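In: turn this into a model:
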Amino acid sequence: MKDDGRPLFLQIAEQIEASVIDGSLPEEGQVPSTNELAAFHRINPATAAKGVNQLVADGVLYKRRGIGMFVSTGARTRLLERRREEFAKQYVAPLLAEARRLGMDAEQIKKMIDVWGDDE
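Out: Okay, here's the model as predicted:
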């Protein structure tokens, strides 16, 4: 785990979320156990469990008693929707606020995105 100032359990949860979004952990697929996560990241199993339990509370994962944790049906869609909302708040809203300060209209912003998007 990288030390970016965020709690380790959040980093574990975000890593699992990223795997659900990119498809490496498919819906109804089994998630590594808390002991496996703890051993891999060299952290306390309780810390790994806290990250997993956060995802259970969020409806991303569910537990099959005696078997393990699994990705919930619809989890990828819900995660994508949440991430898109976060993206809009973090990036789009400030971009629009600055564009308004500069007197730009929607068409100018779209043209700018088209130009910069062609660089890929």
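In: what residue of this protein is the furthest out?
Out: Gly103 (33.8 Å; CA atoms, centre = their mean).
In: residues contacting the longest helix anywhere in the chain, please?
Out: For the chain, the helix with the greatest residue count under DSSP state H is helix 8-22. The contact list for helix 8-22 (CB atoms under 8 Å, 6 or more residues apart in numbering) reads 1-2, 4, 25, 27, 31, 37, 41, 43, 47-48, 50-52, 54-55, 60-61, 71, 75-76, 79-80, 83. Any C-beta I mention is one placed from the backbone N, CA and C, and that applies to glycine too.
In: and those residues, which are buried?
Out: 25, 31, 37, 41, 43, 47-48, 50-52, 54-55, 60-61, 71, 75-76, 79 (16 or more other CB atoms under 10 Å).
In: in strands, which of those appear?
Out: 61, 71 (DSSP state E).
In: okay, buried residues for stretch 107-119 please.
Out: Under 16+ other CB under 10 Å, the buried positions of stretch 107-119 are Ile109.
In: tell me the mean pLDDT for stretch 4-11?
Out: The predicted model gives stretch 4-11 an average pLDDT of 89.
In: tell me which residues in that stretch are buried?
Out: Applying 16+ other CB under 10 Å to stretch 4-11 flags 8-9, 11 as buried.
In: isn't Leu61 right up against Pro32?
Out: No: using CB atoms under 8 Å, Leu61 makes no contact with Pro32, being 11.2 Å away.
In: would JSON lines of the buried residues of stretch 4-11 with distance to Ala93 be doable?
Out: Below are the buried residues of stretch 4-11 laid out as JSON lines (distance: CB to CB, whole Å):
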{"residue": "Leu8", "distance to Ala93": "30"}
{"residue": "Phe9", "distance to Ala93": "28"}
{"residue": "Gln11", "distance to Ala93": "26"}
